[in-house]
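A.B. asks: The sequence and its predicted three-dimensional model are supplied below.
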Amino acid sequence: MPLPAELGIVVVNHGEPDLLELNLVGIGRRARTGRVVVVDNFSGLATREATTVLCAREGWTLIAPGIDLGFGAAVNAGVRLLRSHGCDRLLILSPDVRIDEPGMLTLAQGCSAEPQRILSPRIVGTDGSLWFGGGTVDIRRGRALMADDADSSAPGGWLSGACLMIHASLWDWLDGCDEGHFRSWEDVDLSWRCVAAGGCLAVHSDVTAVRSTRSFPVAGVVSPLDVYSACRSRLTFAARHLGRRHIVQWLLASPGYAVSVLRNGRHRSRTGRPGALLVAAVRGTAAGAGTALRTIGADTHGTGGRRVHAEQTAAG
């Protein structure tokens, strides 16, 4: 039997048809026609052709922009299409993550029972080691952390965008992903906005997804655009969610954060020019700092008041 018609899957791909083949085919063949949407952010003609052939073979709907939309805009585009087909439970899935049918159904049932809650499975590597069991934001240092003992449902928690189940009503209420982050911190931002709006987060410990061996995005930085986005989005996140004191702390910690991004990504540059990554880190930090400084200088009433409330909630 196919999966329920109300279930939809959106996958943001970026030049990885081999991972789509490995991880999406199994569950994709259980979904009803039109319920799997692949948004292929453009990375090259060869990978676009391979992705197009795979989607046609499997009967998946392909959205093929001529540019890289970023993660948030790509997810939003895929969800809009699924919503037009009547899907009310939405699985956001990375091409490097595989989830089986019982696991997906368990998440979907939990989503229906508590539509105000975003759900994630435990995510392990192919060797069985835990990759994501919960996430929290270190407010003082300005880092989004994953740890074995992290509790996503606690203040400051977040869920990884690698595998999320969300009800369409909550998605609509949150107005989807913030497209301003482009390729980093979108899942943390979505998680925090969910909690600020009265929703909640949970890792469903009875469901396990498997992630193909590859590093977490900060450790898997491969291009100047990745570096730029990581450094910029961290500070735009702070500007949106935190009060002045912590924004200043994050600004002061930005050089150290940029160094960590460069150190983790130095052997993975697509350009082969480490200098290009350094320039991207400086530019991304400067762009994010501009947003943060404008926030600090703005009136603290209105949205600023909500930022302070979010900060106090995260700090417990």
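C.D. replies: Noted; the coordinates are in hand.
A.B. asks: How is this structure divided into domains?
C.D. replies: Using automatic domain parsing, the domains assigned to the chain come out as 7-211, 224-314.
A.B. asks: among the ones you listed, where is the model least confident on average?
C.D. replies: Note on those: lowest mean pLDDT is at domain 224-314, with a mean of 81.
A.B. asks: For residue 89, grab phi and psi.
C.D. replies: Backbone dihedrals for residue 89, given as degrees, to the nearest 10, come out at phi -120, psi 130.
A.B. asks: What count of nearby residues applies to it?
C.D. replies: By the criterion of other Cβ atoms under 10 Å, residue 89 has 25 neighbours. Quick note: C-beta positions are derived from backbone N, CA and C, even for glycine.
A.B. asks: Hmm, it is touching residue 167, no?
C.D. replies: Yes - here residue 89 lies in contact with residue 167, judged by Cβ atoms under 8 Å, at a distance of 6.0 Å.
A.B. asks: what's the overlap in contacts for these two?
C.D. replies: With contacts taken as Cβ atoms under 8 Å, 6 or more residues apart in numbering, residue 89 and residue 167 have 111, 112 as neighbours in common.
A.B. asks: Need the contact partners of stretch 163-177.
C.D. replies: Contact partners of stretch 163-177, identified using Cβ under 8 Å, 6+ apart, comprise 71-73, 75-76, 79, 83, 87-94, 97, 99, 104, 107-108, 110-112, 115-121, 123, 186-187, 189-190, 193-194, 197, 199, 209.
A.B. asks: Which of these fall in strands?
C.D. replies: Those of the contacts of stretch 163-177 mapping onto strands are 89-93, 97, 117-121, 123, 209, per DSSP state E.
A.B. asks: Return the member of these nearest to residue 24.
C.D. replies: residue 93 (7.3 Å; Cβ to Cβ).
A.B. asks: Give me the three-state assignment for the closest residue to the closest one other than its chain neighbours.
C.D. replies: Of all residues not flanking residue 93 in the chain, residue 11 sits nearest, at 5.1 Å (Cβ to Cβ, 6 or more residues apart in numbering). Counting by DSSP: H, G, I helix; E, B strand; the rest coil, the backbone at residue 11 sits in strand.
A.B. asks: For the longest helix seen in the chain, name the packing helices and strands.
C.D. replies: The residue-count maximum for a helix in the chain (DSSP state H) belongs to helix 274-297. If contacts are counted by 3 or more Cβ pairs under 8 Å, 6 or more residues apart in numbering; DSSP states H and E, helix 274-297 sits against helix 224-241, helix 244-265.
A.B. asks: Return the set of buried residues in it.
C.D. replies: Residues of helix 274-297 classed as buried by neighbour count (16 or more other Cβ atoms under 10 Å): 277-278, 280-281, 284-285, 287-289, 291-292, 295-296.
A.B. asks: count of residues packed around residue 244?
C.D. replies: Residue 244 - counted by other Cβ under 10 Å - has 17 other residues nearby.
A.B. asks: What number of residues are in the vicinity of residue 102?
C.D. replies: Neighbours around residue 102, by other Cβ under 10 Å: 10.
A.B. asks: Repeat that for residue 134.
C.D. replies: Using other Cβ under 10 Å, residue 134 has 25 other residues around it.
A.B. asks: what do you get for residue 229?
C.D. replies: Using other Cβ under 10 Å, residue 229 is surrounded by 27 other residues.
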